[in-house]
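*Asks:* after the sequence you'll find the predicted model.
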Amino acid sequence: MSNNYPKYDQYSKYDKKGKLSLYERIGVFFQNSKRIIKIANKPGRKDYFLVFKICAIGILVLGVLSYVIQLIWTLINGLLGIR
């Protein structure tokens, strides 16, 4: 790991040497969650549109792939006289 990352251990009140109790682990979880929510920001219109495009392309690719597979199986069944 690079030395450019901040030392997150300094933000924790708990000692890392011993095993934490359930109460302490819940406390650490909420501290970390609060820190993440504090620095997170709402995505903009551009980000939402990018996610929409990626999902639309994925759905289109899966649809085409399933159509091609169904077409191949239909042709194979027709040639073999099954059903």
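*Replies:* Great, that's in hand. Numbers count the residues shown, from 1 in each chain.
*Asks:* which residues of this protein score low on pLDDT?
*Replies:* Applying pLDDT under 70 to the chain flags the ranges 1-17, 83.
*Asks:* quick check, central residue of it?
*Replies:* Central residue of the chain (CA atoms, centre = their mean): residue 51, 12.3 Å from the mean position.
*Asks:* would you mind giving the secondary structure of it?
*Replies:* helix (DSSP: H, G, I helix; E, B strand; the rest coil).
*Asks:* distance of it from residue 45?
*Replies:* 11 Å (CB to CB, to the nearest Å). Heads up, the C-betas are built off the backbone N, CA and C, glycines and all.
*Asks:* and residue 44, how far from residue 27?
*Replies:* For residue 44, the distance to residue 27 - CB to CB - is 34 Å.
*Asks:* also residue 52?
*Replies:* In terms of CB to CB, residue 52 sits 38 Å off from residue 27.
*Asks:* now do the SS call for residue 46.
*Replies:* Applying three-state DSSP: residue 46 is helix.
*Asks:* one step back: please say which of residue 52 and residue 27 ends up with more neighbours.
*Replies:* residue 27 (15 against 10; other CB atoms under 10 Å).
*Asks:* give me the phi and psi angles of the more buried one.
*Replies:* phi -60, psi -40 (degrees, to the nearest 10).
*Asks:* identify the residues contacting residue 19.
*Replies:* Neighbour list for residue 19: empty [criterion: CB atoms under 8 Å, 6 or more residues apart in numbering].
*Asks:* now it. Its backbone dihedrals?
*Replies:* According to degrees, to the nearest 10, residue 19 has phi -80, psi 130.
*Asks:* quick one: neighbours of residue 24, just the number.
*Replies:* What residue 24 shows, counting by other CB under 10 Å, is a neighbour count of 15.
*Asks:* swap in residue 28?
*Replies:* What residue 28 shows, counting by other CB under 10 Å, is a neighbour count of 15.
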